[in-house]
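*Asks:* Can you look at this prediction? I've put the sequence above it.
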Amino acid sequence: MSEKKLAIIATKGTLDWGYPPFILASTAAALGYQVQIFFTFYGLQLLKKNIKVKVSPLGNPGMPMPMGMDKWFPVLGTAIPGMESIMTMMMKSKMKKKGVASLEELRSMCQELEVKMIACQMTVDLFDLSTSEFISDVEYGGAATFFEFAGESDICLFI
């Protein structure tokens, strides 16, 4: 039987949306899957040497709020300047207390497990990003590059 394959498309560039592609990819790779992640649009933030992403509580009504804030603090209040930074700080603190790995740690684990990470060249060009901003083992390619692998994958996820 041939090696199973997992293809992931990562499009989000926030702290909370950064976890799923790295957790799923590292788990699958540890289970023996061949894994590729195609990072496009805001997902490219996850490939930067220095990941500086925040939680985006606005437009995320399912996000559990601390101190029962979801009962008394209006969702629109999360748009107040500085709230995104406060929520990010609170989330990172909670993750640290619970022993949750950082995005950088999960990404390193993916690298160690030989997960192939592809940055969408079109998006890199669109946003005038420099390849020097990204970690070293990133490959660059377009959708056709990713489809070569995704077309043969057993599982394909859009995150």
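*Replies:* Alright, I've got the coordinates.
*Asks:* Render the CA-only coordinates of stretch 37-50 in PDB, please.
*Replies:* Below are the C-alpha coordinates for stretch 37-50, written out as PDB (Å, rounded to 0.1, in the frame of the first residue of the first chain):
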ATOM      1  CA  ILE A  37       0.500  22.900   3.000                       C
ATOM      2  CA  PHE A  38      -0.200  25.500   0.400                       C
ATOM      3  CA  PHE A  39      -0.100  29.000   2.100                       C
ATOM      4  CA  THR A  40      -2.000  31.700   0.200                       C
ATOM      5  CA  PHE A  41      -3.200  35.200   0.900                       C
ATOM      6  CA  TYR A  42      -3.200  35.900   4.700                       C
ATOM      7  CA  GLY A  43      -1.900  32.400   5.400                       C
ATOM      8  CA  LEU A  44       1.500  33.600   4.300                       C
ATOM      9  CA  GLN A  45       1.900  35.300   7.700                       C
ATOM     10  CA  LEU A  46       2.500  31.800   9.100                       C
ATOM     11  CA  LEU A  47       5.600  31.400   7.000                       C
ATOM     12  CA  LYS A  48       7.300  34.600   8.200                       C
ATOM     13  CA  LYS A  49      10.500  34.100  10.300                       C
ATOM     14  CA  ASN A  50       8.900  36.200  13.000                       C
END
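*Asks:* Name the residues of it that are buried.
*Replies:* Neighbour-count burial for stretch 37-50 flags 37, 38, 39, 40, 41, 42, 43, 44, 45, 46, 47 (criterion: 16 or more other Cβ atoms under 10 Å). (Each C-beta comes from the backbone N, C-alpha and C, glycine too.)
*Asks:* Report the beta-bridge partner residues of the third one.
*Replies:* I take that to be residue 39. Residue 39 has these beta-bridge partners by DSSP bridges: residue 10, residue 119.
*Asks:* Which of the three states applies to the residue most central in space within the chain?
*Replies:* By Cα atoms, centre = their mean, the chain has its centre lying nearest to residue 18, at 2.6 Å. On the three-state scheme (DSSP: H, G, I helix; E, B strand; the rest coil), residue 18 is labelled helix.
*Asks:* Near residue 146, how many other residues are there?
*Replies:* By other Cβ atoms under 10 Å, 24 other residues sit near residue 146.
*Asks:* just the helices in this structure please.
*Replies:* 15-30, 69-72, 83-97, 103-112, 121-126, 143-150 (DSSP state H).
*Asks:* What helices and strands are in contact with the longest one?
*Replies:* Okay, so that is helix 15-30. Here helix 15-30 touches strand 5-10, strand 34-39, helix 83-97, helix 103-112, strand 155-158, going by 3 or more Cβ pairs under 8 Å, 6 or more residues apart in numbering; DSSP states H and E.
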